[in-house]
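A.B. asks: Here is my input, please return the structure:
(one chain, ligands or ions: 1)
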Amino acid sequence: MVCSKCGAELDNNALVCPTCGQAVPDEARIQAQAGGQPLAKKEFLKLPAMKSCKSNINVCGILLYVFGGINIALAVGLGTVPIDGIILILLGLGIHLGKSRVCALLCAAYSIFNVIYMLYSTGKAAGVWIVLIGIDAVIYTFKYHSAWNKYKKDGTLPVEKN
Ligand SMILES: [Zn+2]
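C.D. replies: Now for the predicted structure:
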């Protein structure tokens with residue numbers, strides 16, 4: 001790639017131009033590393049504008065693994081089948097690895113149903129955290145997919161807000 005300020009030829013991994021000191025934007029480096037090919041999903045997620053989507057989706061997935069693990073441990077301790085825990089981990093996998101909107105929607109729907117069910121059966125609103133995770137996952141998987149679809153359609157790279 002070339003420096004946007006002085007036009008010097010740069011290494012594709014360069015963070016700054018060695019000739020004039022101009023910082024190389026992450027977008028330019030990611031595109032140069034793709035070698036003129038359209039970005040794959042993995043590279044697309046490295047764009048600065050996708051940082052919040054990527055981290056929110058990752059956090060949702062990891063939290064679902066944690067809550068799922070706790071659920072499984074509790075169910076095994078009680079000698080019951082750990083269905084809830086398995087569902088949470090599967091949804092976590094779908095959201096974390098698959099960036100799946102369907103899994104995010106299922107997580108939100110399942111967790112809301114679960115809170116209502118717990119409220120009726122025990123009088124306590126248990127599992128509210130999972131609802132928050134589900135809603136966050138819905139917001140960011142949809143954001144990610146709309147940015148990706150826009151890029152696929154006309155090559156528009158997402159721009160960082162603020
Ligand atoms: Zn330069």
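A.B. asks: Surely residue 71 is in a helix?
C.D. replies: Yes: when DSSP: H, G, I helix; E, B strand; the rest coil is applied, residue 71 is found to be in a helix.
A.B. asks: What score does the residue most central in space within the chain have for pLDDT?
C.D. replies: The centroid of the chain falls nearest to residue 57 when counting by CA atoms, centre = their mean (2.5 Å). Looking at residue 57, its pLDDT stands at 98.
A.B. asks: Now for it: which residues touch it?
C.D. replies: Residues in contact with residue 57 (CB atoms under 8 Å, 6 or more residues apart in numbering) are 95-96, 99, 137, 140-141, 144. Quick note: C-beta positions are derived from backbone N, CA and C, even for glycine.
A.B. asks: how much space between it and residue 158?
C.D. replies: For residue 57, the distance to residue 158 equals 14 Å [CB to CB, to the nearest Å].
A.B. asks: Check which residues of stretch 37-46 are buried.
C.D. replies: Buried residues in stretch 37-46, defined by neighbour count with 16 or more other CB atoms under 10 Å: 39, 44-45.
A.B. asks: typed the wrong thing, it's stretch 110-127
C.D. replies: With burial defined by 16+ other CB under 10 Å, the residues of stretch 110-127 counted as buried are 110-112, 114-115, 127.
A.B. asks: Residues contacting that stretch, please?
C.D. replies: Stretch 110-127 is contacted from outside by 84, 87, 91, 128, 130-131, 133-134, using CB under 8 Å, 6+ apart.
A.B. asks: Top of the residues you listed by number of neighbours, please.
C.D. replies: The most crowded member of the contacts of stretch 110-127, judged by other CB atoms under 10 Å, is residue 91 (29 neighbours).
A.B. asks: That one: which element?
C.D. replies: helix 83-96 (DSSP states H and E).
A.B. asks: helices or strands next to that helix in the packing?
C.D. replies: In terms of contacts (3 or more CB pairs under 8 Å, 6 or more residues apart in numbering; DSSP states H and E), helix 83-96 is packed against helix 51-78, helix 101-122, helix 128-154.
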